[in-house]
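Peer 1: how would this look folded up:
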Amino acid sequence: MDALDFIVLIGTGLAAGFINTVAGGGSLLSLPILIFMGLPPAVANASNRVAIFSQNIFGVLGFKSKGVSAYPYSLYLGISAFFGAIIGAKISVKLDDELFNKIIAIVMVLVVLATVFSRKTVTGTSAERTDTKSTITGVIIFFFVGIYGGFIQAGVGFLIMAALTGINRFTLVKTNSAKVLVVFIYTLSSLGVFILEGVIDWYYGLTLVVGNSAGAWIGSRWSVKSGDKWIKRVLVVMVIGLAIKLWFF
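Peer 2: Residues are numbered from 1 along each chain as shown. You can find the predicted model right below:
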């Protein structure tokens, strides 16, 4: 890796960390860059998880510094996703790129429609649902979210946001605070699988860590300061842009 590659990776990580924390889809930026730099897709997918792991540590700390948290509910979801991610990571090498890109494009459009046009996303804590039924539903759904996240990671933020706003009626700010903890927890298991399989390029992964971590810290604090209105705007722009890219290019 030369100096230019190092700078590009730091910049890519900064953008990806911010995007992942505020909305989702940052890995759709970092993964192609890693592949373009010469890493095989499977290695790029695995190496990206090192940055994802670090990114969410800083995301959790950033939200905590602003007093925003969905704990302990997010812990229950994270534990469920942890086991799902083991399955997803083990089958990630079987990814069909072209078909998967089209599937994720459709998923993202559906997610943004559900999130942006649902009045429940901005109703505040008084309308939140964390009763037994909602908790059980969330735990079951997040097991499958974990499978997806362990499998490819890219776009999982959109699924998490749709689940938390739809099932629990969390505001987007609180949804993002829960999201970073959930992803942190399930990344422990997927990262473990990739380490055991020996498919991580630590030099590229750790370089990406610097940018992703900084981006997550900035994104988490900006998310709280800006509120749901600006998060929705970023979400719409990211989903439309990424869906077009994945479907047509």
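Peer 1: from here on, contacts and neighbour counts on C-alpha atoms
Peer 2: Will do.
Peer 1: in what helix or strand does the residue positioned nearest the centre of the chain lie?
Peer 2: In the chain, the C-alpha closest to the average C-alpha coordinate belongs to Gly157, at a distance of 3.8 Å (CA atoms, centre = their mean). Assessed by DSSP states H and E, Gly157 sits inside helix 156-167.
Peer 1: pLDDT-wise, which helix or strand of this protein ranks last?
Peer 2: The helix or strand of the chain with the lowest confidence, counting by mean pLDDT, DSSP states H and E, is helix 97-116 at a mean of 64.
Peer 1: May I see the buried residues of the helix or strand just after that one?
Peer 2: Remark: after helix 97-116, the chain's next helix or strand is helix 132-151, criterion DSSP H and E. Neighbour counts using 16 or more other CA atoms under 10 Å place 135, 138-139, 141-151 of helix 132-151 among the buried residues.
Peer 1: so helix 132-151 versus helix 156-167, what angle?
Peer 2: Calculated by axes from the mean of the first three to the mean of the last three CA atoms, to 10 degrees, helix 132-151 forms an angle of 170 degrees with helix 156-167.
Peer 1: Pull the residues that contact helix 132-151.
Peer 2: 73, 76-78, 80-92, 156, 159-160, 163-164, 167-168, 186-187, 190 (CA atoms under 8 Å, 6 or more residues apart in numbering).
Peer 1: Give me the buried entries from those residues.
Peer 2: Neighbour-count burial (16+ other CA under 10 Å) applied to the contacts of helix 132-151 gives 76-78, 80-90, 92, 156, 159-160, 163-164, 167-168, 186-187, 190.
Peer 1: Need the phi and psi values for Gly59.
Peer 2: Main-chain dihedrals, Gly59, degrees, to the nearest 10: phi -60, psi -50.
Peer 1: hang on, it packs against Val182?
Peer 2: No: Gly59 is beyond contact range of Val182, at 11.0 Å (criterion: CA atoms under 8 Å).
Peer 1: Give me the more crowded residue out of these two.
Peer 2: Gly59 (33 against 26; other CA atoms under 10 Å).
Peer 1: List the contacts of that one.
Peer 2: Applying CA under 8 Å, 6+ apart, the residues near Gly59 are Thr21, Ser177, Val180, Leu181, Ser213, Ala216, Trp217, Gly219, Ser220.
Peer 1: The third one - nearest residue in space that isn't next to it in sequence?
Peer 2: Computed as CA to CA, 6 or more residues apart in numbering, the closest residue to Val180 that is not its neighbour in sequence is Asn56, at 5.1 Å.
Peer 1: wait, what's in contact with that neighbour?
Peer 2: Asn56 touches Thr21, Val180, Leu181, Val183, Phe184, Ser213, Ala216, counting by CA under 8 Å, 6+ apart.
Peer 1: Please verify my assumption that Arg49 contacts Leu188.
Peer 2: No: counting by CA under 8 Å, Arg49 sits too far from Leu188 to count as a contact (9.2 Å).
Peer 1: quick one: which of those two has more around it?
Peer 2: Between Arg49 and Leu188, counting by other CA under 10 Å, Arg49 is the more crowded of the two (27 against 18).
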